[in-house]
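Engineer: I would like to see how this sequence folds:
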Amino acid sequence: MAVKPHRPEWLHLPVQGWRTCTQAAFFLLFVLAPVFDVFRLDLHLHHFIVFGMDWTLGLDRASQQTAMQVSMQLFLRVLLPVLAGAVTLIYISWKWGRLYCGWLCPHFSIVETINQTLRRAIGKQSLWDKERLPERNADGSHTQTDALWWLGVIPLVICCALLWAVVLLTYLLPPAEIYSNLWHATLTRNQGLFIAVAGVAFFVEFMFARHLFCRYACAVGLFQSLAWMANDKALVVGFQRARAKDCATCFSACDHICPMRLQPRNVKRMMFACVQCGQCVDACQQTQSSNPDGRLLNWVHQARAESEAALTGSQAHRQQRHQQQLAAQTMQNASQQPGAEDE
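Structural biologist: Numbers count the residues shown, from 1 in each chain. Below you'll find the model as predicted:
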């Protein structure tokens, strides 16, 4: 029997609903940005196009300018925009973690889609997971495993790989030319070679190494994680270790639902690749819906986050055991107290 889901809401929409909306909107932007000349590099023109305007280095008149003027143009047209974007991304990551990855990234949207489809085929979100996930979900529903879902997994991965290959090509060459050549099957040799090679590379990555890429190979994700780890007071998922015994009523739903294959109850330094999606928090909320003390996983920041970041794995385990012993001792004393009064 499915339990009634209890999810945090913003403006009457669940957090995961908002995340789905932001992911879908950004994915559409990723696909359509070259089409509407929002941002792309045109190899025919040898310069960027930003919001329909030519974005050049302005070096075509360098012979008529002083060294100071050329340097200023390079600073304003190259260095300043790159620095502004990098500083903005690093600051957001330093304060709130890998929000871009969990809430916007078009690659991670595909990772999650493949995860859920693959789970229906083999009961695991990754080919490399050692154990199958339980069929039960945090909200009480069940996901049945059926090998027929491989007929959905393989076409899905192929379509995603080809889509990414074509879209990336439109960031390099005029989209009208690429889509017209695709429609009329008149791709040039180089265009066809690019789509074929990139498509195979993306297929291998999406099928076999999508989590490894997000954890270790993505430079954008890596720098976000480094900035986040540098701030002990940054937003983080905190675990109420004093109530760890309440997890006995659960089936590790938070671990099973994590799209990055992490263990959310772990200390911060073991959650380096966390993308702040909040699915573990929602899962804990649902499985603990009948618990009057509420969920054990919560978003924390400032002093509580600093305490979470200071813990090592062994310290967390010792603290958890100590708190459980104190709780057990308190319960034992409470049970003995009426007998002492009777005497």
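Engineer: W228 is in what secondary structure piece?
Structural biologist: Per DSSP states H and E, W228 falls inside helix 219-230.
Engineer: mean confidence (pLDDT) on that helix, please.
Structural biologist: On average, the pLDDT along helix 219-230 is 95.
Engineer: likewise for stretch 297-316?
Structural biologist: The model assigns stretch 297-316 a mean pLDDT of 73.
Engineer: and stretch 154-165, by the same measure?
Structural biologist: Across stretch 154-165, the average pLDDT comes to 97.
Engineer: so which bits of that stretch are buried?
Structural biologist: The neighbour-count check on stretch 154-165 (16 or more other Cβ atoms under 10 Å) flags 156-157, 160-165 as buried. Just so you know, the C-beta spots here come from the backbone N, C-alpha and C atoms, and that holds for glycine as well.
Engineer: in helices, which of those residues appear?
Structural biologist: Among the buried residues of stretch 154-165, the members found in helices (DSSP state H) are 156-157, 160-165.
Engineer: now those in JSON lines, with distance to A209?
Structural biologist: Below are those laid out as JSON lines (distance: Cβ to Cβ, whole Å):
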{"residue": "L156", "distance to A209": "16"}
{"residue": "V157", "distance to A209": "12"}
{"residue": "C160", "distance to A209": "14"}
{"residue": "A161", "distance to A209": "12"}
{"residue": "L162", "distance to A209": "18"}
{"residue": "L163", "distance to A209": "18"}
{"residue": "W164", "distance to A209": "14"}
{"residue": "A165", "distance to A209": "16"}
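Engineer: list just the nearest of those residues to V111.
Structural biologist: Among these, C160 lies closest to V111 (Cβ to Cβ), at 9.7 Å.
Engineer: give me the nearest residue to the closest one, chain neighbours excluded.
Structural biologist: I110 (4.9 Å; Cβ to Cβ, 6 or more residues apart in numbering).
Engineer: same question, R265
Structural biologist: R265 sits nearest to F239 (Cβ to Cβ, 6+ apart), 4.5 Å away.
Engineer: can you check M271 too?
Structural biologist: L262 (5.8 Å).
Engineer: which stretches of the stretch 201-343 of the chain form strands?
Structural biologist: Secondary structure of the stretch 201-343 of the chain, counting by DSSP state E, counting those that start in this stretch: strands at 236-239, 297-300.
Engineer: deepest of those, which one?
Structural biologist: With neighbours taken as mean count of other Cβ atoms under 10 Å, the strands of the stretch 201-343 of the chain reach their highest mean count in strand 236-239, at a mean of 24.
Engineer: and that one, which strands flank it?
Structural biologist: Paired neighbours of strand 236-239 in the sheet (DSSP bridges): strand 297-300 (antiparallel).
Engineer: show residues contacting the strand it pairs with.
Structural biologist: 235-240, 254, 264-265, 278, 280-281, 284, 308 (Cβ atoms under 8 Å, 6 or more residues apart in numbering).
Engineer: what's across from the residue nearest to R265 in the sheet?
Structural biologist: Under the criterion used (DSSP bridges), F239 bridges to L297.
Engineer: closest to A217 out of the buried residues of stretch 154-165?
Structural biologist: A217 has its nearest neighbour among those in W164, at 15.1 Å by Cβ to Cβ.
Engineer: got a list of what that closest one touches?
Structural biologist: Neighbours of W164 in contact, by Cβ under 8 Å, 6+ apart: 110, 198-199, 202.
Engineer: can you rerun that using 10 Å?
Structural biologist: Applying Cβ atoms under 10 Å, 6 or more residues apart in numbering to W164 gives the contacts 30-31, 106-107, 110, 195, 198-199, 201-203, 205-206.
Engineer: element containing the residue sitting nearest the centre point of the chain, please.
Structural biologist: Residue closest to the mean C-alpha point of the chain, counted by Cα atoms, centre = their mean, is G102 at 2.9 Å. Following DSSP H and E, one finds G102 within helix 99-103.
Engineer: please enumerate the helices of the stretch 101-250 of the chain.
Structural biologist: Secondary structure of the stretch 101-250 of the chain (DSSP state H, counting those that start in this stretch): helices located at 106-122, 150-170, 175-183, 189-208, 210-212, 219-230.
Engineer: just send those helices back as JSON lines, with distance to N298 too.
Structural biologist: Formatted as JSON lines, the helices of the stretch 101-250 of the chain follow (distance: least, Cβ to Cβ, whole Å):
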{"stretch": "helix 106-122", "distance to N298": "23"}
{"stretch": "helix 150-170", "distance to N298": "34"}
{"stretch": "helix 175-183", "distance to N298": "45"}
{"stretch": "helix 189-208", "distance to N298": "33"}
{"stretch": "helix 210-212", "distance to N298": "25"}
{"stretch": "helix 219-230", "distance to N298": "18"}
